[in-house]
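[1] this one's structure only:
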Ligand code: E4P
């Protein structure tokens with residue numbers, strides 16, 4: 001019988017548009033999805049609609065899970081047009097919509113059409129309530145950016161999880177802007193549905209000096225067993 005991981009265990013998304021990093025995380029066997037944003041796409045030097053769409057397709061071909069693709073428009077008609085095109089690329093695509101007034105309208109529009117959305121740039125519980133009300137599949141509170149301004153991003157994650165737990169909501173809490181392993185570990189304690197983080201944070205989870213020291217001792221003693 002294969003080992004079955006609990007279906008509701010926190011999912012790991014990687015927050016990058018870099019194909020090599022996505023492949024490395026995928027090859028670890030623990031990757032559940034990818035989030036991107038315009039800054040991450042620009043960092044990879046991807047520009048022009050055709051290249052961007054090809055890049056999203058390449059990401060979808062690597063991962064088994066959801067791939068968030070962000071609209072660039074900020075008006076309702078533009079977001080609807082772009083989102084419908086993005087959703088056509090692959091069934092793994094989740095349309096990423098910013099938390100603005102037309103964004104809420106667009107989330108509701110896509111929800112009614114059965115297209116999944118990730119409401120991004122969430123910095124308050126009120127925004128998370130509104131996004132869920134409109135039917136967002138994911139809401140993305142930005143932990144690190146809140147910390148940068150002197151606040152506590154994890155408090156927001158805790159608040160959103162508590163609010164959603166009061167109801168039978170389909171919306172999942174996707175903790176974003178994760179800077180270090182403590183953010184990720186605390187998100188698991190708080191019951192976030194998903195974390196999205198750079199590859200480094202995932203790889204940093206592996207590290208512990210006592211593991212390295214212990215392995216060195218074992219390998220030295222193993223020589224005596226030959
Ligand atoms: C989420 O989807 C965003 O892409 C991301 O987590 C932003 O993180 P940053 O604050 O490190 O740019």
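    That came through fine. What you see is a predicted model; the values in this text were computed from it and never measured.
[2] so where does the residue nearest the centre of the chain fall, helix or strand?
    In the chain, the C-alpha closest to the average C-alpha coordinate belongs to residue 196, at a distance of 3.5 Å (Cα atoms, centre = their mean). Assessed by DSSP states H and E, residue 196 sits inside strand 194-197.
[3] Could you list the paired strands of that strand along with their orientation?
    Neighbouring strands of strand 194-197 in its sheet, by DSSP bridges, are strand 11-15 (parallel), strand 172-175 (parallel).
[4] What residues does the protein have near the ligand?
    Taking Cβ under 6 Å from any ligand atom as the measure of proximity, the chain contacts the ligand at 15, 35, 37, 120, 140, 142, 144, 145, 176, 177, 196. Backbone N, C-alpha and C define where each C-beta goes, glycine included.
[5] try 5 Å
    15, 35, 37, 140, 144, 145, 176, 177 (Cβ under 5 Å from any ligand atom).
[6] ok, the second one - contacts?
    Read that as residue 35. By Cβ atoms under 8 Å, 6 or more residues apart in numbering, the residues touching residue 35 are 13, 14, 15, 67, 68, 96, 118, 140, 174, 176, 196.
[7] so what's the third one closest to, chain neighbours aside?
    It refers to residue 15. In this structure, residue 15 finds its nearest non-sequential neighbour in residue 196, 4.3 Å apart by Cβ to Cβ, 6 or more residues apart in numbering.
[8] Hmm, residue 178 and that neighbour touching each other?
    Yes - the criterion here is Cβ atoms under 8 Å, and residue 196 meets it with residue 178 at 6.8 Å.
[9] Just the element for residue 103, please.
    For residue 103, the host element (DSSP H and E) is helix 101-113.
[10] Work out the gap between that helix and the centre of the chain.
    Taking the mean of its C-alpha atoms, helix 101-113 sits 20 Å from the chain's own mean (Cα atoms, centre = their mean, to the nearest Å).
[11] Tell me the helix or strand right after it.
    strand 117-122.
[12] If you count contacts, what does that next one end up packed against?
    strand 66-70, strand 93-98, helix 101-113, helix 125-134, strand 138-141 (3 or more Cβ pairs under 8 Å, 6 or more residues apart in numbering; DSSP states H and E).
[13] Give the partner strands of the shortest one in its sheet and their orientations.
    So that's strand 138-141. strand 117-122 (parallel), strand 172-175 (parallel).
[14] what bridges to residue 120?
    Taking DSSP bridges as the rule, residue 120 bridges to residue 98.
[15] what's the neighbour count on it?
    24 (other Cβ atoms under 10 Å).
[16] Also the one 5 residues further on?
    Around residue 125 sit 16 other residues, with neighbours defined as other Cβ under 10 Å.
[17] ditto for the one 5 residues further on
    Here the neighbour count serves as a burial measure; for residue 130 (other Cβ under 10 Å) it reads 19.
[18] how far away is it from residue 28?
    Residue 130 sits 36 Å away from residue 28, going by Cβ to Cβ, to the nearest Å.
[19] where does the chain dip in pLDDT?
    Scanning the chain for pLDDT under 70 picks out 1-5.
[20] change it to 50
    The model of the chain has pLDDT under 50 over residues 1.
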